[in-house]
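Chemist: Sequence and predicted model, in that order:
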Amino acid sequence: MAKVLLLQGNQACAEGAIAAGVTFFAGYPITPSTEIAEIMAKRLPEVGGKFIQMEDEIAGIGAIVGASLTGKKVLTATSGPGFSLKQEFIGYATIAEVPIVIANVQRVGPSTGQPTAPAQGDMMQARWGTHGDHPVIALTPASVPECFTLTIKAYELSEKYRMPVLLMLDEIIGHMREKIEIPDYDTIEKPVRKGPRVGPNEFKAYEPDSDGVPPMADFGTGYRYHVTGLVHDETGFPNGSPAATEKLLKRLHEKVERDIDNITMYEEYKLDDAEIAIVTYGGTARSAYAAIDMAREEGIKVGMFRLISVWPFPEKEIAQLAQKVKVIVVPELNYGQMVGEVKKAAEGKVPVKPMSKYDSEPISPKELLAFVKNL
């Protein structure tokens, strides 16, 4: 039966994971993400799952990579410094094509920075934190209900494309409490991993289907195969040839790029007649809704393009937006990160103005309204 609850964003993230069928969490507590670990420690035993507090963040993500290879849906959660420590394993899971979900509740940095203060300074680390050429899928909720639904969506994408998916909360969203209607979990369609259609003797662990994604056999089911962070061929064993290198990296990218229209998610708010567009995401979008409403009362035609999937970046949609409005404003809680992507996509067709704030305080609606009025 559906329930109406008052939940924190971190709690909604944990419940979304349970609803998606997660049965294993490994991690190390770090504010402002700690509540996710605390709630998973309580909830997983109730649904037959396992929770392990590891010795550090690296061990946390390593444990979920291993558990995913056995067929489990898995989660780890972290923040700032912990996200940095997880980058090597994110790259490993990308090249080994292991579905995992990482929740990163952003705080002020670099280093230990401001542990419980809001920031959106990990957006580029999400894209480029691990080395090498690789695709990334990252989602950023702007409400408590969206923490629940996007967590479920993260598992759908992770299992479909066999890759890590990042949930990029910020402290505002992670610690905010809102009303949320939670459906009966039995009514929620659980993401299903594509399994092998041939026997163990014919199975090649990295032989892709036409969608570029190989079926995945669970460890312990009789399918024995090799998993490595080295470039490998369809058997899973290392292959150092230029041809194998190009083939693998191209496939990793193309399995996401060919389906980008189905991955891209965004919201338009009062953009139909807007002359000024605010492009933002996460907790900062909360202020943008209010600022836009106040601006409209003063006759200023402002609207919002809210990023929900931040990576892959919606270049096509931003290019179209740049042809409709007179100026784009990009407020974010960092020194200027996503604004660079907006400028690149806008291709000089319209001025793109950064509104960066990095003093550990949110951007208020009045601050954003004043910025818009002074353009």
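Modeler: Right, received. Where do you want to start?
Chemist: Moving C-terminal from the longest helix along the chain, which element do we reach first?
Modeler: Counting residues, the longest helix found in the chain (DSSP state H) is helix 144-161. Next in sequence after helix 144-161, counting helices and strands by DSSP states H and E, comes strand 164-170.
Chemist: and that next one, what's its mean pLDDT?
Modeler: Strand 164-170 comes out with an average pLDDT of 98.
Chemist: and what of stretch 193-209?
Modeler: In this model, stretch 193-209 carries a mean pLDDT of 97.
Chemist: How about stretch 20-31?
Modeler: Stretch 20-31 carries an average pLDDT of 97.
Chemist: do the same with stretch 224-239
Modeler: On average, stretch 224-239 scores 97.
Chemist: List the buried residues in it.
Modeler: Of all the residues in stretch 224-239, those buried under the rule 16 or more other Cβ atoms under 10 Å are Tyr225, Val227, Val231, His232, Asp233, Gly236, Asn239. For the C-beta atoms, the positions are set from N, CA and C on the backbone; glycine is no exception.
Chemist: Can you tell me how far the closest residue to Gly222 other than its chain neighbours is from Lys73?
Modeler: In this structure, Gly222 finds its nearest non-sequential neighbour in Pro200, 5.0 Å apart by Cβ to Cβ, 6 or more residues apart in numbering. Counting by Cβ to Cβ, to the nearest Å, the separation of Pro200 from Lys73 is 23 Å.
Chemist: Between the two, point out the one with more neighbours.
Modeler: Just comparing Pro200 and Lys73: by other Cβ atoms under 10 Å the higher neighbour count belongs to Lys73, 24 against 12.
Chemist: hang on, isn't the more buried one packed against Ala19?
Modeler: No. If you go by Cβ atoms under 8 Å, Lys73 and Ala19 don't touch, sitting 10.7 Å apart.
Chemist: rewinding a little: for the longest helix of the chain, buried residues please.
Modeler: Across helix 144-161, burial judged by 16+ other Cβ under 10 Å covers 144-155, 157-161.
Chemist: Quick one: residues contacting Gly48.
Modeler: By Cβ atoms under 8 Å, 6 or more residues apart in numbering, the contact set of Gly48 is Thr23.
Chemist: Where does it sit: helix, strand or coil?
Modeler: Secondary structure assignment for Gly48 (DSSP: H, G, I helix; E, B strand; the rest coil): coil.
Chemist: any idea how far it lies from Ile152?
Modeler: According to Cβ to Cβ, Gly48 stands 19 Å off from Ile152.
Chemist: so how far is Tyr223 from the residue nearest to Gly222?
Modeler: Pro200 sits 5 Å away from Tyr223, going by Cβ to Cβ.
Chemist: Overlap of the contact sets of these two?
Modeler: Common neighbours of Pro200 and Tyr223 (criterion: Cβ under 8 Å, 6+ apart): Ala217.
Chemist: Restricting to C-alpha, output the least confident helix or strand in the chain by mean pLDDT in CSV.
Modeler: Here the helix or strand of the chain ranked lowest by mean pLDDT, DSSP states H and E is strand 114-118, holding a mean of 91. Extracted C-alpha coordinates of strand 114-118, given in CSV (Å, rounded to 0.1, in the frame of the first residue of the first chain):
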residue,chain,number,x,y,z
GLN,A,114,33.3,22.1,4.9
PRO,A,115,31.8,18.7,5.9
THR,A,116,28.2,19.6,6.1
ALA,A,117,27.9,22.8,4.0
PRO,A,118,26.2,22.8,0.6
